[in-house]
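In: Okay, here's the prediction I keep looking at, along with the sequence it came from:
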Amino acid sequence: VLKKDVSWTYTAPDIPRSHWIEQGHDEEYAGNMEGCLRRIKRDVERIRNGEEDYYCACLDYEDQLSILHDNGMLPHFKELAD
């Protein structure tokens, strides 16, 4: 249940493309992660705005590169869970 009169600003910090490269991942992985972060933010905003019958697919990775654990993603997962 969403509370009324609450600021639902997406507060997770941006993760620069260079973060993934510095972690030893290639350009393809970095690009996939940028897309993943965009999808998470989009889905969080749609859910919080009360969009009816919205299917949250931001973590549906069929035919896509798997996401490996990275602490930088935790704030984004927290935004999705809240």
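Out: That came through fine. Numbers count the residues shown, from 1 in each chain.

In: for the longest helix seen in the chain, packing partners?
Out: The helix of greatest length in the chain, counted in residues with DSSP state H as the criterion, is given as helix 27-48. Under the contact criterion of 3 or more CB pairs under 8 Å, 6 or more residues apart in numbering; DSSP states H and E, helix 27-48 touches helix 17-22, helix 74-81. Placement of C-beta: from N, CA and C, glycine included.

In: Let me see the contact set for the nearest residue to residue 20 once chain neighbours are set aside.
Out: For residue 20, ignoring the flanking residues on the chain, the nearest one in space by CB to CB, 6 or more residues apart in numbering is residue 30 at 3.9 Å. For residue 30, the contact set (CB atoms under 8 Å, 6 or more residues apart in numbering) comprises 17, 20, 21.

In: Out of these, which is nearest to residue 73?
Out: residue 20 (10.6 Å; CB to CB).

In: isn't the closest one right up against residue 29?
Out: Yes - between residue 20 and residue 29 there is a contact at 5.8 Å, judged by CB atoms under 8 Å.

In: Which one's more surrounded, the two?
Out: Neighbours were counted for residue 20 and for residue 29 using other CB atoms under 10 Å; residue 20 has more, 22 against 17.

In: I'd like to know how far the more buried one sits from residue 46.
Out: To residue 46, residue 20 is 25 Å away according to CB to CB, to the nearest Å.

In: Just give the closest residue to the residue nearest the centre of the chain, not the sequence neighbours.
Out: In the chain, the centroid-proximal residue (CA atoms, centre = their mean) is residue 40; its distance is 2.9 Å. Nearest residue to residue 40, sequence neighbours excluded (CB to CB, 6+ apart): residue 58, at 4.6 Å.
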